[in-house]
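Undergrad: Got a predicted structure here, sequence first:
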Amino acid sequence: SNGWETVPNNDFIFTGGSKIPPPVLPLLNKNFHFIGDRLRIVGLILCSSIALLSIFCASWVIYHRKHRVVLASQPIFLLMICLGAIILGSTIIPLSIDDQRFSKSACDVACMSTPWLFSIGFTMTFSALFSKLWRVNKIFHHRAFHRV
């Protein structure tokens, strides 16, 4: 005996009350919907263009940091916006990683890094923008600037 006990005169009843077993189901065909090379290349080109434009803008700000307009625009916040844009744009890199080309552990790391890169980049960019607006608001609502 293999541990199973047969009960005489007691047939197995399947779902629906039938005593006939259902037909064998066909094998499941899985479609993983991989990204594909074209879309991956387009995403990485966009990521690199975001990084290059942000580096260009940051170098422009550093080169013209003594200019009156750049000083009025608060160069530290402009550089924070550029760095935040680079981090936010680099979110595309882990999004381009899938099971078709990379190992499971690489996909796990990419999956975990995506929300971190996005949230850090978004927070850095918008905290700099919010700080600039808050500072301008504070200056214009100062008592010395009221109309006479």
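TA: Good, I have the coordinates.
Undergrad: CA only for contacts and neighbour counts going forward, please
TA: OK.
Undergrad: Excluding chain neighbours, give the residue nearest to residue 79 in space.
TA: In space, not counting the residues next to it along the chain, residue 79 is nearest to residue 58; the distance is 5.7 Å by C-alpha to C-alpha, 6 or more residues apart in numbering.
Undergrad: where's the one you found relative to residue 83, distance?
TA: Noted for residue 58: a distance of 8 Å to residue 83, by C-alpha to C-alpha, to the nearest Å.
Undergrad: Same check on residue 43?
TA: Between residue 43 and residue 83 the distance is 19 Å, computed by C-alpha to C-alpha.
Undergrad: what do you get for residue 64?
TA: As defined by C-alpha to C-alpha, residue 64 lies at a distance of 17 Å from residue 83.
Undergrad: repeat for residue 133
TA: Counting by C-alpha to C-alpha, the gap from residue 133 to residue 83 is 18 Å.
Undergrad: now residue 17
TA: Here the criterion is C-alpha to C-alpha. By it, residue 17 lies 66 Å from residue 83.
Undergrad: Show me which of those two is the more surrounded one.
TA: When neighbours are counted by other C-alpha atoms under 10 Å, residue 17 and residue 83 differ, and residue 83 comes out ahead with 19 against 8.
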